[in-house]
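K.L.:
Sequence plus predicted model, see below.
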Amino acid sequence: MPATAPRGGPAPASPWPVLAICSAGLFLAVLSTTMVSVALPAIGAQLDAGPAGLEWVVDAYVLTYAALLIAGGVAGDRRGRTGIFQAGLALFGAGSLAAALAPGTGLLIAARIVQGTGPALLIPASLAIVRAVFTSPRQRAVAYGLWSTASGVAMAAGPALGGLLAAGPGWRWVFAVNVPLAALVLAAAWRVPRLPRSGGGPFDWAGALTSVAGLGLLAFGVIEGQARGWAAAEVIAALAAGAALLAGFAVAELRLARAGAGPAEPGTGRAAGRPANGTARRRPEPFVDVGLFARPPFALAAVAALTVFFSFVGAIVYFSAYFQQAQGRSPVAAGLAVGVLGVAYAVVAAGSGRIVGWLGERAALAAGLVLSGLAMAALCRLGPGTPLTAIWWNFALLGGGIGLCGTPMTTLAMSGAGAGRAGMAAAVLNACRQLGQVFGVAVLGALVYAALPPGAAAGPLDAAQRLAFTAGLHHALLAAAAALLGTAALAGGQAAAGLRRRGLRPQTGPAAPPPGWSPAAAARGSRR
């Protein structure tokens, strides 16, 4: 199928309204990953839900979101990013309405599955749309920074907003508030232009199902590992099966790529480098371009996304628990205290595009990782009674460092993919972010509560338990800091290698002209 641009609303005179719409969709999707957690006690009391049921109220959304991300990105590339973005918003709104009206735990979990399908569609589509409508590299970097800002603000604002809604009108409004907001964003989405679809051969259903199953089992194993114990048979089986499926998926995709399937040649509708006799059309093209991971910029972006969200989301969750369990603050007060991270994230992320323009993607990423890693390690001085006034600046450094990472990560990932694979590349990047979040909450949580009795995460702590909680938090912060600084070393190495390749060294004289250079050739080149 040739790349075509289906009819739709006219392209806006400015791409900035499109960025606002895409960022609003991202904000709503990410907000629901953190807003619901503080409403769980109220949900359990009204619906008579046990601990396992309440865990799945959160996990059903996260698991669906993580498992379907890559499939959603590929669907956007092949079916149209704008339509998939709108479908994601509609599913998110419908799932939110069903969750708000759910009479029992089972239906609430089912509604959360529908709600989680929305982000899997709209998030990769939104980033692909942003990449397409901003043609200037400088403006695109600024746009990526603002798009990333929406995610960080949503993660930091979620606990405070969820606490206010649960304490005020009730827990159902934690879901109901999404319905009018999603409807407004969906109504505004007519300003988003219809973008060309990618071509290609038959859809790789085997690859799609294998990736969804592999990601889903891996996320399930990590989520349940914290609740059931890492030595539980079902946890080990889920992790092993998920890893095996993803390994088999990677091997199968490489075989498809080597057999000649690939992105369609523009305007031809057939796989690049294949004959036009129809043989290539009968072979599915790879569901995911696994070769992207062989490109250092994309591999660095994927590793950084996994590390940053492992550290940052885990930190947000357990800083909130620290203020509530170790200091006895209310959920609203804890959310406001953690909000310092979000404010710093937003301020720095909004201007990170300019910083990337000054330093370059890899150097800016390395700087953000170093700053956040050192700030994370410095927070090991926390004690059970440390006031916010003593650490707010440390929170600001941590949030600012993470905010600096978003734009270079996105730019590195998206620059390695062509326009026809933008949704797939965005989906892979966001799958790494989501898996990092799942691993961060589970692994860091295991460290935080290692010395506490089972069930301590759900209730108040006595004086001895507060000391044990704080010691566990120190271990978690050190693990997160080590991950950030290790990734910073990788980014710094790539930045240094890039400088050496470009020959940016002090020169003792004027550079020699390239071979074959002449004034006439230079003049001809300048007129092209």
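P.N.:
Cool, the structure landed.

K.L.:
Would you mark the buried spots in stretch 24-41?
P.N.:
By neighbour count, with 16 or more other C-beta atoms under 10 Å as the criterion, the buried positions of stretch 24-41 are 24-40. All C-beta spots, glycine's among them, are computed from the backbone N, C-alpha and C.

K.L.:
Dump that stretch to CSV, restricted to CA.
P.N.:
Extracted in CSV, the C-alpha atoms of stretch 24-41 (Å, rounded to 0.1, in the frame of the first residue of the first chain):
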residue,chain,number,x,y,z
ALA,A,24,-2.8,17.0,26.9
GLY,A,25,-3.5,13.4,25.9
LEU,A,26,-0.2,12.3,27.3
PHE,A,27,-0.9,14.2,30.5
LEU,A,28,-4.2,12.4,31.1
ALA,A,29,-2.8,9.0,30.3
VAL,A,30,0.1,9.3,32.7
LEU,A,31,-1.9,11.0,35.4
SER,A,32,-4.0,7.8,35.9
THR,A,33,-0.8,5.8,36.7
THR,A,34,-0.2,7.8,39.9
MET,A,35,-3.6,9.3,40.9
VAL,A,36,-5.4,6.1,41.7
SER,A,37,-3.0,4.7,44.3
VAL,A,38,-4.0,7.2,47.0
ALA,A,39,-7.7,6.3,46.5
LEU,A,40,-7.2,2.6,47.1
PRO,A,41,-8.2,2.7,50.9
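
K.L.:
State the mean pLDDT of it.
P.N.:
Taken as a whole, stretch 24-41 carries a mean pLDDT of 84.

K.L.:
Out of the helices and strands in the chain, which is least certain?
P.N.:
The helix or strand of the chain with the poorest confidence is helix 519-526; it has a mean of 44 (mean pLDDT, DSSP states H and E).

K.L.:
Low-confidence stretches in the stretch 351-500 of the chain?
P.N.:
For the stretch 351-500 of the chain, residues meeting the criterion pLDDT under 70 lie at 416-420, 454-459.

K.L.:
which residues in it form helices?
P.N.:
When assigned using DSSP state H, counting those that start in this stretch, the helices of the stretch 351-500 of the chain occupy the ranges 361-378, 392-415, 422-448, 463-502.

K.L.:
Help me confirm that residue 74 comes into contact with residue 425.
P.N.:
No. Proximity of residue 74 to residue 425 does not meet the contact threshold set by C-beta atoms under 8 Å, at 10.4 Å.

K.L.:
Can you tell me the element the residue lying closest to residue 167 once chain neighbours are set aside falls in?
P.N.:
With C-beta to C-beta, 6 or more residues apart in numbering as the criterion, residue 167 has its nearest non-adjacent residue at 6.4 Å, and that residue is residue 332. In this structure, residue 332 is located in helix 331-359 according to DSSP states H and E.

K.L.:
give me phi/psi at residue 254?
P.N.:
With angles defined as degrees, to the nearest 10, residue 254 sits at phi -60, psi -40.

K.L.:
Skip the chain neighbours and tell me the closest residue to it.
P.N.:
Spatial nearest neighbour of residue 254, chain neighbours left out: residue 290 (5.4 Å); criterion: C-beta to C-beta, 6+ apart.

K.L.:
One more: residue 465?
P.N.:
Nearest non-adjacent residue to residue 465, counting by C-beta to C-beta, 6+ apart: residue 452, 5.8 Å away.

K.L.:
Report the separation between the one you found and residue 323.
P.N.:
In this structure, residue 452 and residue 323 are 17 Å apart, going by C-beta to C-beta, to the nearest Å.

K.L.:
Could you check which of these two is surrounded by more residues?
P.N.:
Ranked by neighbour count (other C-beta atoms under 10 Å), residue 452 and residue 323 place residue 323 first, with 21 against 17.
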